[in-house]
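[1] Generate coordinates for the sequence data below:
(4 chains)
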There are 4 protein chains.
Amino acid sequence: MTGPARPVQIAVIGAGDCSGEEERAAGEIGRTLAENGAILISGGMSGVMEASCRGAASSGGIAVGILPGTGDGNPYLSVRIRTGMSHARNYLVVESADAVIAVGGGYGTLSEIAFALKAGKPVYGYRTWDIPGVCACPTPQDACFKALSAAHR
Amino acid sequence: MTGPARPVQIAVIGAGDCSGEEERAAGEIGRTLAENGAILISGGMSGVMEASCRGAASSGGIAVGILPGTGDGNPYLSVRIRTGMSHARNYLVVESADAVIAVGGGYGTLSEIAFALKAGKPVYGYRTWDIPGVCACPTPQDACFKALSAAHR
Amino acid sequence: MTGPARPVQIAVIGAGDCSGEEERAAGEIGRTLAENGAILISGGMSGVMEASCRGAASSGGIAVGILPGTGDGNPYLSVRIRTGMSHARNYLVVESADAVIAVGGGYGTLSEIAFALKAGKPVYGYRTWDIPGVCACPTPQDACFKALSAAHR
Amino acid sequence: MTGPARPVQIAVIGAGDCSGEEERAAGEIGRTLAENGAILISGGMSGVMEASCRGAASSGGIAVGILPGTGDGNPYLSVRIRTGMSHARNYLVVESADAVIAVGGGYGTLSEIAFALKAGKPVYGYRTWDIPGVCACPTPQDACFKALSAAHR
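    Next up is the predicted model:
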């Protein structure tokens, strides 16, 4: 197929309850991804998820929330996928992404990192779990550019 | 919250293998929904799903595919949700919608109609299953306007 | 493989809120299936599900509940599968069965009948939805014997 | 409710492709769990999963496989749950368990450990991932007794 390629989809994963620094980093990542034409995929809830969606929305990007329940998720979502399937939706978040960026995170984030690596998806981390296969990045910008580059490959 | 309300999400459901008339109707529905600012949700595959996405894309709308597998689905999707969960994803399609439009359809469509009615979502049908609770519509346009009206309520 | 074949698995589906006659029928079906060595699969909750499990338990059979949440379901379950995935678990109930028996039922049951027919599983009904492909049976016993026969094929 | 308590359900998780030592350990764990009246929950496939099921079957126990696809899984299963939902079924495996035992394992096992810890389930490990919250056990027997003890609490 010639013509414009489909936009890349990048997942930003992290805890619903996060530090101010993680929130700031997630916001910067969401904004940078949107400025570069990527669709943001997340779990659609609070914390890192909400901050990244707010960042994407501030740059006019599309933020997709794959929600654990059947509610509305955070207010910055462009598209709401209501799964009603609780944490099992973590698998859908990473499977829908061409590349994954992890910011901080608890056990839920760890499950997503594991699913991503299992599926052979590239995972870039900023202050996250130290798991073999995760590429640790010194800055949010570095994680974005590496993820964008990998997703376009 | 003041300011613009979130866009409504409307699911178009129907068989992956459909008649020419169903395809034409689904295309018209996708186009009309997009022209009215609705986000189109579908199962992302062929037949009625593809025709509705093509219609939405032709009017610059957002077409979301909640895919049964982990592939790319039809070429008219703006957003691809890769569930890898086979037909169980039918539940997610209707749960994500504010209103549902059914065009023709086989047993998969019947499962989605059932889930929608179970969840109390309004279901408008064009040449589809005759199930109590489904509002049969004489034309694709009629189904669109009723679904848009219900979704905005 | 020579040696004993694996036991058949038969799903009994129906509403969580049912009539006394449906409850009586479901109990008789659960008992008959257990007496014939079948494993009973159900959604694990109340009504038709609970009555069939109680029937199976009264004959020393195995009753498996594929639960929508993460709780314990009805007290007659031998095995509890906690899915946390709400009604999407309906797909798992019928996919796990070699044959399906429907007793009465509302929209949830209709979604299961649709999934079963989509998957090509035999469906036997007692006072349930009149859908092409469902074999209507005059008595609970008749439904059991037809389902057992189909499952052993 | 007085009378006999429900049997505990213990998940044994590990890779589909494992070492001989892991297989031996998993077999011993399956046998020990069955001898102590526990129901064995696993992903139902090969490697650690199959070895634990074979161990349980050799002692007359119930081995439940929560399968990623819609096939039959390993030949030692007493009950087959066909999810068709790929790795997202990992969530169901641990959510269905009162306690979890991990033997070796790759990224799939890591996702299950993460889900278990997220849900607050006790996790006992034998030669597995070193994640905070996992109780490392020196022998398979030690893992079994700790898991049985935790599950009965």
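[2] what does chain A have sitting close to chain B?
    Counting by CB under 8 Å from any CB of the partner chain, chain A comes close to chain B at A:1, A:6-7, A:9, A:39, A:62, A:64, A:66, A:70, A:72, A:75, A:77-85, A:91-92, A:95-96, A:119. (Each C-beta comes from the backbone N, C-alpha and C, glycine too.)
[3] Among those residues, name the buried ones.
    A:7, A:9, A:39, A:62, A:64, A:66, A:77-85, A:91-92, A:95-96, A:119 (16 or more other CB atoms under 10 Å in any protein chain shown).
[4] and residue A:41, bridged to which residues?
    residue A:11, residue A:64 (DSSP bridges).
[5] What count of nearby residues applies to it?
    Applying other CB atoms under 10 Å in any protein chain shown, we find 32 residues neighbouring residue A:41.
[6] and what of the one 3 residues further on?
    A total of 28 residues lie near residue A:44 under the criterion other CB under 10 Å.
[7] again with the one 5 residues further on
    When counting by other CB under 10 Å, one arrives at 31 neighbours for residue A:49.
[8] you'd agree it is up against residue A:12?
    Yes - the criterion here is CB atoms under 8 Å, and residue A:49 meets it with residue A:12 at 7.3 Å.
[9] Identify the contacts common to these two.
    A:26, A:42 (CB atoms under 8 Å, 6 or more residues apart in numbering or on different chains).
[10] quick revisit: sort out for me which of the buried ones among the residues of chain A next to chain B are in strands.
    Those of these mapping onto strands are A:9, A:39, A:64, A:66, A:79-82, per DSSP state E.
[11] what is the mean pLDDT for the longest helix along chain A?
    If you go by DSSP state H, chain A has its longest helix at helix A:20-35. Across helix A:20-35, the average pLDDT comes to 98.
[12] for it, packing partners?
    Applying 3 or more CB pairs under 8 Å, 6 or more residues apart in numbering or on different chains; DSSP states H and E, we find helix A:20-35 packed against strand A:9-14, strand A:39-42, helix A:48-58, strand A:99-103, helix A:140-152.
[13] from the chain's centre, how far out does the second one sit?
    When you say that, I think you mean strand A:39-42. 5 Å (CA atoms, centre = their mean, to the nearest Å).
[14] Residues contacting that strand, please?
    A:7-13, A:30, A:33-34, A:48-49, A:52-53, A:56, A:61-66, A:93, A:96-97, B:78-79.
[15] how near is the nearest residue to residue A:95 once chain neighbours are set aside to residue A:143?
    Spatially, and ignoring its direct neighbours in sequence, residue A:95 is nearest to residue B:82 (4.4 Å; CB to CB, 6 or more residues apart in numbering or on different chains). From residue B:82 across to residue A:143, the span is 22 Å (CB to CB, to the nearest Å).
[16] How about residue A:12?
    9 Å.
[17] Common neighbours of those two, please.
    A:29, A:101.
[18] and the angle from whichever strand or helix holds residue A:114 to strand A:99-103?
    Under the criterion of DSSP states H and E, residue A:114 resides in helix A:107-118. Counting by axes from the mean of the first three to the mean of the last three CA atoms, to 10 degrees, helix A:107-118 lies at 150 degrees to strand A:99-103.
[19] is helix A:107-118 anywhere near chain C?
    No - using CB under 8 Å from any CB, helix A:107-118 stays clear of chain C, with a minimum separation of 13.3 Å.
[20] So for that helix, mean pLDDT?
    The average pLDDT within helix A:107-118 is 98.
[21] That one vs helix A:48-58, what angle?
    Helix A:107-118 runs at 70 degrees relative to helix A:48-58, counting by the same axes, to 10 degrees.
[22] Quick one: check helix A:107-118 for contact with chain D.
    Yes - residues of helix A:107-118 contacting chain D under CB under 8 Å from any CB: A:107-108, A:110-111, A:113-115, A:117-118.
[23] which one of those residues is nearest residue D:103?
    residue A:114 (16.3 Å; CB to CB).
[24] So the closest one sits against residue A:129, correct?
    No - Residue A:114 lies out of contact with residue A:129 (CB under 8 Å); the separation is 9.2 Å.
[25] So between the two, which is more surrounded?
    More crowded of residue A:114 and residue A:129, by other CB under 10 Å: residue A:114, with 31 against 20.
[26] Can you tell me how far the closest residue to residue A:18 other than its chain neighbours is from residue A:17?
    Ranked by CB to CB, 6+ apart and with sequence neighbours excluded, the top spatial neighbour of residue A:18 is residue A:47, at 4.2 Å. Separation of residue A:47 from residue A:17 (CB to CB): 5 Å.
[27] Pick out whichever of these two has more residues nearby.
    Applying other CB under 10 Å to residue A:47 and residue A:17 shows that residue A:47 carries more neighbours, namely 22 against 12.
[28] Please tell me how far that one sits from chain C.
    21 Å (CB to the nearest CB, to the nearest Å).
[29] do the same with residue A:69
    Here residue A:69 is placed at a distance of 9 Å from chain C (CB to the nearest CB).
[30] Surely that residue and residue A:87 touch.
    No - assessed by CB under 8 Å, residue A:69 is found out of contact with residue A:87, at 10.9 Å.
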